[in-house]
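Student: Sharing a sequence plus its predicted fold:
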Amino acid sequence: MNTNKKAIELLESNEYEEALKFFLTAVNECRNVQSLTNLAWIYCYEEYKDEKAIVLLEEAIKYKPNSHFPYSLLGEIYIRQENWELAKGVLDSSIAIQPSKTSYNNLAIANYHLGNIEVASRYFLLATEKSDYAMYSHVKCLIELGKLNEAKDRLDAFSEHDDEFVGEVDIADMYVELGYFKKANRWFYKGWDIYWKQPNWVSRYVYSLFKLNNKSLANEIINDVIKEKIKEIDEVQKDDCDEDWTEDDKINHLEELRTEKKEYEGMFEKISSGYVPPLEFEVSMKTGCYLFGCIRHNHPEYQE
C-alpha cells in the first residue's frame, strides 16, 4: 500500500494524528501535485493553517497540474481571506481545467466583491441547485443590475419543499428589495416561528407591514418580540455561572439582549419616521473535498 492510500485510510478511520504523519511522509518521499495538494487540504481543513497550505499549493501549481484540485482549494482559501483578485485568478484556472458548481459559486463571489456584478450573476446561475443560496445570490445580482422582472420570476420559483431551500425569511427579504410587500409578508409569516428573532429581519417585516398600512400587526409583532426578550433576559439573569459560562460571559450576553430590547422598543417610531431597514446580504462560499485518492468521494489518485 502506498503512503497516500495509508494516509487516506487513517483519515477515514478518524486516526488523525497518524494520518497527518503519513501525509507529511508522502511529501518527504516525493514533492508532487498529489502529495502537496493533499497535505495542503489537511492544513486547510484539519489544522486551520491556511498560510502553510498556500505555500504548498503554490508549489503544486508550478507543476501545471491537469487537475483542478489545487486551484479550487487555493481559491477557497483566498475567498476566506477576502483576497478577491487572487481568488479570481486561480478559480478561472480551476474552471478552465474542469468546471464545477463549487468553483462557479466561489468565482461568482470573487467577481461580486470586485464589482463585476454581471459576471457574478452568470456564475451564480451556473452554480445553482433548486431554491438554494447560489440562486438567491443570482437574484440579488439581477436586482443590482436592474433586471427586476427576471429577478421576480426567479424568486417566484423558489419552493420550501426543495432540498437546498435557502429559507423563508431570506425569500421575504428579497421580496422587500423588489417592493412586493404582500409576498414578503407571506414569507415572513411562514418563517416567524422558525427563525431566531433578530432586529435586522424583524425590522424588515415591520417595514413591509408599514408599506401595506398594517401598523396594528407591526405593533403587535414588536410587542411580542419585546416580551420574548424580557423573558430571555430574566432567564439569563437566573443562570448559574461555571468555568464554561463565566460572569463576564453572562454580563456581555445580558448587555447584548438589553441592546436588542432597546432596538425593538424604538423600532415602530423609527420606521414611522421613514427609516428603511437595509438588507443584510452576504455571499456564501462553497467547499469541496480535494483529496487525491479520497475513498469517500471516489477520487482517483493524481495521474500525470
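Tutor: Great, that's in hand. Just so we're clear, the structure is a prediction, and the values are computed from it rather than from any experiment.

Student: For Asp163, list the residues it contacts.
Tutor: Residues near Asp163 by Cβ atoms under 8 Å, 6 or more residues apart in numbering: 129-130. Backbone N, C-alpha and C define where each C-beta goes, glycine included.

Student: no wait, Pro199
Tutor: Pro199 makes contact with 260, 263-264, 267, according to Cβ under 8 Å, 6+ apart.

Student: ditto for Ala172
Tutor: Contacts of Ala172 (Cβ under 8 Å, 6+ apart): 183-188, 190-191, 201, 204-205, 208.

Student: where does this structure dip in pLDDT?
Tutor: 1 (pLDDT under 70).

Student: name the helices or strands packed onto the longest helix along it?
Tutor: In the chain, with assignment by DSSP state H, the single longest helix is helix 215-238. Counting contacts by 3 or more Cβ pairs under 8 Å, 6 or more residues apart in numbering; DSSP states H and E, helix 215-238 packs against helix 199-211, helix 247-265, helix 267-272.

Student: Which other helices and strands does the shortest one contact?
Tutor: With contacts taken as 3+ Cβ pairs under 8 Å, 6+ apart, helix 267-272 sits against helix 199-211, helix 215-238.

Student: ok, now the longest one?
Tutor: If contacts are counted by 3+ Cβ pairs under 8 Å, 6+ apart, helix 247-265 sits against helix 199-211, helix 215-238.

Student: how big is the angle separating the shortest one from helix 247-265?
Tutor: Using axes from the mean of the first three to the mean of the last three Cα atoms, to 10 degrees, one finds that helix 199-211 and helix 247-265 are set 10 degrees apart in direction.

Student: related to what we said a few turns ago, which one of the contacts of Ala172 is nearest to Tyr63?
Tutor: Trp201 (47.7 Å; Cβ to Cβ).

Student: burial count for that closest one?
Tutor: Counted with other Cβ atoms under 10 Å, residues neighbouring Trp201 total 21.

Student: now Val276
Tutor: Using other Cβ under 10 Å, Val276 is surrounded by 12 other residues.

Student: That one against Tyr207, yeah?
Tutor: Yes - counting by Cβ atoms under 8 Å, Val276 touches Tyr207, with 6.5 Å between them.

Student: circling back to that earlier point, pick the most deeply packed of the helices and strands packed on helix 215-238.
Tutor: helix 199-211 (a mean of 21; mean count of other Cβ atoms under 10 Å).

Student: then that one to CSV, C-alphas only?
Tutor: Only the C-alpha atoms of helix 199-211 are listed here, as CSV (Å, rounded to 0.1, in the frame of the first residue of the first chain):
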residue,chain,number,x,y,z
PRO,A,199,-33.7,43.0,14.9
ASN,A,200,-32.3,43.1,11.4
TRP,A,201,-35.0,41.0,9.8
VAL,A,202,-37.8,41.7,12.2
SER,A,203,-37.4,45.4,11.3
ARG,A,204,-37.8,44.4,7.6
TYR,A,205,-41.0,42.6,8.5
VAL,A,206,-42.3,45.7,10.3
TYR,A,207,-41.3,47.9,7.4
SER,A,208,-43.2,45.7,4.9
LEU,A,209,-46.3,45.8,7.2
PHE,A,210,-46.0,49.6,7.2
LYS,A,211,-45.9,49.7,3.4
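
Student: okay, the angle between it and helix 215-238?
Tutor: Relative orientation of helix 199-211 versus helix 215-238 (the same axes, to 10 degrees): 160 degrees.

Student: where's helix 199-211 relative to the chain centroid, distance-wise?
Tutor: 23 Å (Cα atoms, centre = their mean, to the nearest Å).

Student: again, but for stretch 153-169
Tutor: Relative to its chain's centre, stretch 153-169 lies at 16 Å (Cα atoms, centre = their mean).
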